[in-house]
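1. just need the structure, nothing else, for what follows:
(2 chains)
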Amino acid sequence: MSELGELFTLTAAMAILAGAIRIATPLLLAALGEAVSERAGVLNVGIEGLMALGALSGFVTAYWTGNLWLGFGAALVAGVLGSLIFGTMTVLWGSDQVATGIVMNLFCFGLANLVYRSLFAGARDIPSISSMRTYRIPVLSDLDYVGRALFSHTPIVYIAFLLVPVVWFLLQRSVWGLSVRAAGENPAAADTAGIDVWRVRLAAVAVGGAFAGVAGATLSIAQLGSYLDSMTAGRGFVALAVVVFGGWNPWRIAGASLIFGGAEALQLRMQATGVPIPSAFLVAIPYVLTIIVITVFAGKAAYPAAINVPYLRRTIHKRRRAAARTQAAAPPSLPDVPGAGRQVVSANQA
Amino acid sequence: MRHHLSLTTFAALALFSTQVFAAEEVKVAYLPCGQVNDQSWSQAGYMGAQAAQKELESAGVKVKLDYSESIPPAQVEAAARDYASRGYQVVVLHCGTFADAAVAAAKGFPKTKFLFSTRPPVDNPPANFWSYDIAQGEAAFVAGYLGALVSKSGKVGVIGAFDFPVLTRQVEGFRLGARYARPTDKSLVTYINSWDDAGKAKEAARAQIDAGADVVFTATDQAARGVFAAAEDAGVYAIASYADQSSVAPDAIVSNVVYDYPKLVQEMIVKAATDKLEVGKFYRFGVNGYSLLIANPKLAKVVPADVQAKVDAVMEDIKSGKLVIPELTTSGASDTFDLKTVASK
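-> Here you go, the predicted model:
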């Protein structure tokens, strides 16, 4: 088939690779931040909404100041502020993380659309800025084939990928990372060791928010040059899947984002070259791939043990008493260390 | 007590009689897919409804126009029935996915007139049900013809939102027009499965441009912005749909395909209110006053005079019936359609 032949030329492969990197960038940013938050035991399903906030505040700031980097800064701040609302509710008040995250999504979308409408009410055309320019890295971008694919992108793309080792170091090698992981695995033990679990969790949530905000601004500032309602289009949810697929490890998260981006770039290219497969199948490829990968890997995926387990001392004492009662009633023992595993959650829910 | 009761009865009677006498007031309900200020499909219909209200009121008919926005298809029948039971004489269901609900509600309220956008959903609709539609394939065909003649590479592409009949007919209309201009060149097509994912639309357009396309037609909603951005980045051309968007990307948009839904909805409501709709008629129009191409004056130099003359000629031939544009509702149909059957005479 000539259409398939067209796909497997080196030029086409490099174009697909470049597309994969562009598509992966906002996913990678959102997923890196979410990994930090989840490692601290806070599952933030509200990142889709935070991305929308970031997309809006980033665009508006860039539009007013004419400076794209200020836009990214504003998006970062908006993401942090939005995530702190979420953090206050889940970390400090102990509300359910999933339910709160869903509400945050609705809240953020409503807020972003409201603010956008009130700022640009009556504008005939959709306001726009010229989006971020491609920066070709000297020498490297002149390499044959891979030069264009890897080293000819907007600066935010390079930043996103450079943040992978940074986040990895932060989580795996720094003292703060150790306390984050402790707060996510066994908050009671962390508390005993003198770690302020609330503060660590709030900080991790804020880091997640900052990344989500910048991820959103990547869409509005670097890719499009304008803000549109629902321009995040589910990328926050894909990022949640990417975190699981990547096993909360920044390197693997980068790989997972690239696989999703690659599948998307490949299917768009396949459609464009007229591969005789119905578009409905091709469009579904990245999502089907994500589902398959997650069902294969998620079984083995070790969620941070204390994810979605609020750490409230008062509740913990209550739980410990409840566990003791259950233990007295039914001999099969439950772990009496609060927050140490999913059994505690289910025992609590039952 | 008795006195009080009769007073109530009297009041009720009085109320009833005023309703009878106020038959001059026409109550119109408008139910679109989305919001009446969406700058797109739902707003176009609402503009038509408002224009109808104005037209009728200037003719001395009082009109009460109400709308319900963004109702999920599963709940539209209940909403339509609610309006009908509250005495609305005309219920406009301006959304392709409301088909079943529209027919079901029409059967329940034979005295209320139901107007439904796009093609008749059933073979024998009730007598109080009318479909109105714009043959979008016609203007899209002309756009494809124009795009292929403007293209230097010979490759044109289409970015569509979803592969479903009402949208596919625009995509395939464009592709058939392109093939009519250049029978040996195959056009590209990508569906992004979204109305508003501009990021994805941009990548899709980029993939087409990488594959050689230098004119890209878009049949999406907000996602079109991504197509324009990709065209601007690559220095190629785009053709927009649904509104004159030249000012959005003045250096990329060559032309805009516009379907005049406000005019059509206005006429339908006025006809319904004045009892002038023919039972069983499918109100369907095309480039004959209901769709057109609006060129971007800034890119006029891109379209040479001889090309423009050819495009105008094709437009006239469709209007006169010399060219008959088929309604192609399955993806890829334009690739195999016999070009000879386009020219009827």
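2. just the strands in the stretch 201-345 of chain B please.
-> Using DSSP state E, counting those that start in this stretch, the strands of the stretch 201-345 of chain B run over B:215-219, B:237-241, B:253-259, B:283-285, B:291-295.
3. same for the fourth one, what does it pack against?
-> The contact analysis (3 or more Cβ pairs under 8 Å, 6 or more residues apart in numbering or on different chains; DSSP states H and E) places strand B:283-285 against strand B:129-134, helix B:261-273. Every residue, glycine included, has its C-beta placed from N, CA and C.
4. isn't A:Leu68 up against A:Ala62?
-> Yes. Look at A:Leu68 against A:Ala62 with Cβ atoms under 8 Å: they come within range, at 5.0 Å.
5. residues that sit against both of these two, list them.
-> Residues within reach of A:Leu68 and of A:Ala62 at once, by Cβ atoms under 8 Å, 6 or more residues apart in numbering or on different chains, are A:129, A:221.
6. which of those two has more residues huddled nearby?
-> Neighbour totals were compared for A:Leu68 and A:Ala62, and A:Ala62 leads with 27 against 24 (other Cβ atoms under 10 Å in any protein chain shown).
7. so where does the more buried one fall, helix or strand?
-> Element membership for A:Ala62, per DSSP states H and E: helix A:47-65.
8. now the helix or strand following that helix against helix A:47-65, angle please.
-> Per DSSP H and E, helix A:47-65 leads on to helix A:68-87 as the next helix or strand towards the C-terminus. Taking axes from the mean of the first three to the mean of the last three Cα atoms, to 10 degrees, helix A:68-87 and helix A:47-65 form an angle of 150 degrees between their directions.
9. outside of the helix or strand just after helix A:68-87, which residues touch it?
-> Once helix A:68-87 ends, the next helix or strand along the chain (criterion: DSSP H and E) is helix A:97-119. The contact list for helix A:97-119, computed with Cβ under 8 Å, 6+ apart, reads A:42-46, A:48-50, A:52-53, A:55-56, A:60, A:82, A:85-86, A:89-90, A:227, A:229-230, A:236, A:307-308, A:310.
10. do I have it right that B:Glu172 meets B:Ala219?
-> No. Using Cβ under 8 Å, B:Glu172 makes no contact with B:Ala219, being 10.3 Å away.
11. quick check: longest helix of chain A.
-> Identified as the longest helix of chain A according to DSSP state H is helix A:10-39.
12. buried set for that helix?
-> Judged by neighbour count using 16 or more other Cβ atoms under 10 Å in any protein chain shown, the buried positions of helix A:10-39 are A:12, A:14-39.
13. quick one: work out the angle between it and helix A:68-87.
-> Per the same axes, to 10 degrees, the angle that helix A:10-39 makes with helix A:68-87 is 40 degrees.
14. from the chain's centroid, how far away is helix A:10-39?
-> Helix A:10-39 has its average C-alpha position 11 Å from the chain's average C-alpha position, going by Cα atoms, centre = their mean, to the nearest Å.
15. does A:Leu43 belong to a helix, a strand or coil?
-> On the three-state scheme (DSSP: H, G, I helix; E, B strand; the rest coil), A:Leu43 is labelled coil.
16. and the residue nearest to it when sequence neighbours are not counted, how many residues sit next to it?
-> Distances taken as Cβ to Cβ, 6 or more residues apart in numbering or on different chains put A:Gln97 closest to A:Leu43, at 4.8 Å, once the chain neighbours are dropped. A:Gln97 has 25 neighbouring residues, counting by other Cβ under 10 Å.
17. equivalent analysis for B:Asp275, please.
-> B:Asp275: 8 neighbours (other Cβ under 10 Å).
18. rewinding a little: filter the buried residues of helix A:10-39 by proximity to chain B?
-> Contacts with chain B are made by A:12, A:15, A:19, A:22-23, A:26 out of the buried residues of helix A:10-39, judged by Cβ under 8 Å from any Cβ of the partner chain.
19. redo the residues you listed as a markdown table? Include distance to B:Val311.
-> Putting these into a markdown table (distance: Cβ to Cβ, whole Å) gives the following:
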| residue | distance to B:Val311 |
| --- | --- |
| A:Ala12 | 33 |
| A:Ala15 | 32 |
| A:Gly19 | 33 |
| A:Arg22 | 35 |
| A:Ile23 | 36 |
| A:Pro26 | 40 |
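20. out of the residues you listed, who's nearest chain B?
-> For those, the closest approach to chain B (Cβ to the nearest Cβ) belongs to A:Ala15, at 4.6 Å.
21. with adjacent residues omitted, what lies nearest to the closest one?
-> Take A:Ala15 and drop its neighbours on the chain: the residue closest to it by Cβ to Cβ, 6+ apart is B:Asp210, 4.6 Å away.
22. count of neighbours near the one you found?
-> Neighbour tally, B:Asp210, other Cβ under 10 Å: 20.
23. show me what contacts it?
-> B:Asp210 sits next to A:12, A:15, A:269, A:272 when contact means Cβ under 8 Å, 6+ apart.
24. try B:Ser331
-> B:Ser331 sits next to A:278-279, B:163, B:168, B:171-172, B:189, B:191 when contact means Cβ under 8 Å, 6+ apart.
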